[in-house]
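> Kindly return the folded structure for what I paste below:
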Amino acid sequence: MNGIVDKLDVNLVLDLEFDEVEGEHIVIGPYPQSKQDVGVLVEYGVNAVINLQTDVDMNHRGVLWARMVKEYRKCGVQGVNFQIHDFNQGDLVRKLPEAARVMRQFISQGMKVRCGVFLLVLGLCALYCGNGKSAFCCDCLFVYL
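Purely as a prediction, here's the structure:
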């Protein structure tokens, strides 16, 4: 642009702070980007991370998934990536139910999971409505949005 700023990312994360869904073993908040962020997750008691970003999204932000997985493993955190393209309803409908199933599996094993808001909504639907209804809940979410 002006020789100083190479690109602008409106999703810049300066402080990694999370909110916990009480009684659900779910933590929501910004995406982890560094070794230090993994340490913060561990302090929150997180031992599973479900990421919905694509490689393009992560590369745009300078985040390498392979490096993050390596840091997660060092700290005993399980990392899973379901690459969902932004603003692509078909991609969401195809991939979110499996991500929610994995989240439910982690939670049933007593793990605390870090996820984003979309997965939180669908995951809670899957937890309380069962697998057969989670796709319906996902469709309802899209109608609402």
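
> can you pull out the helices in the protein?
Per DSSP state H, the chain carries helices over the ranges 35-43, 55-60, 65-74, 89-108, 117-129, 131-144.

> Near Ala48, how many other residues are there?
Neighbourhood size, Ala48 [other C-beta atoms under 10 Å]: 24. No exception for glycine: its C-beta is placed from N, CA and C like everyone else's.

> Low-confidence regions, this structure specifically.
Low-confidence segments of the chain, defined by pLDDT under 70: 1-14, 117-145.

> Repeat the analysis, applying 80 as the threshold.
1-16, 86-89, 92-93, 96-97, 116-145 (pLDDT under 80).

> I'd like the distance between Met68 and Leu52.
13 Å (C-beta to C-beta, to the nearest Å).

> One more: Gln83?
From Gln83 across to Leu52, the span is 7 Å (C-beta to C-beta).

> how close does Arg114 get to Met68?
12 Å.

> Overlap in contacts, the two.
Common neighbours of Arg114 and Met68, counting by C-beta atoms under 8 Å, 6 or more residues apart in numbering, are Pro32.

> returning to that earlier point: give me the more crowded residue out of Gln83 and Leu52.
Neighbour count, other C-beta under 10 Å: between Gln83 and Leu52, Leu52 has more, with 22 against 15.

> Quick check: closest non-adjacent residue to that one.
Ile84 (4.7 Å; C-beta to C-beta, 6 or more residues apart in numbering).

> Contact partners for the one you found?
Counted by C-beta under 8 Å, 6+ apart, Ile84 has contacts 52-54, 91-92, 95-96, 99.

> Looking at those, which one is closest to Ile26?
The closest of the contacts of Ile84 to Ile26 turns out to be Ala99 (C-beta to C-beta; 12.7 Å).

> With adjacent residues omitted, what lies nearest to the closest one?
Per C-beta to C-beta, 6+ apart, closest to Ala99 is Phe82, 4.3 Å.

> repeat for Gln78
Ala48 (4.7 Å).

> hmm, who's touching stretch 67-79?
Contacts of stretch 67-79 (C-beta under 8 Å, 6+ apart): 32-33, 35, 38-39, 41-42, 46-49, 51, 65, 106, 111.
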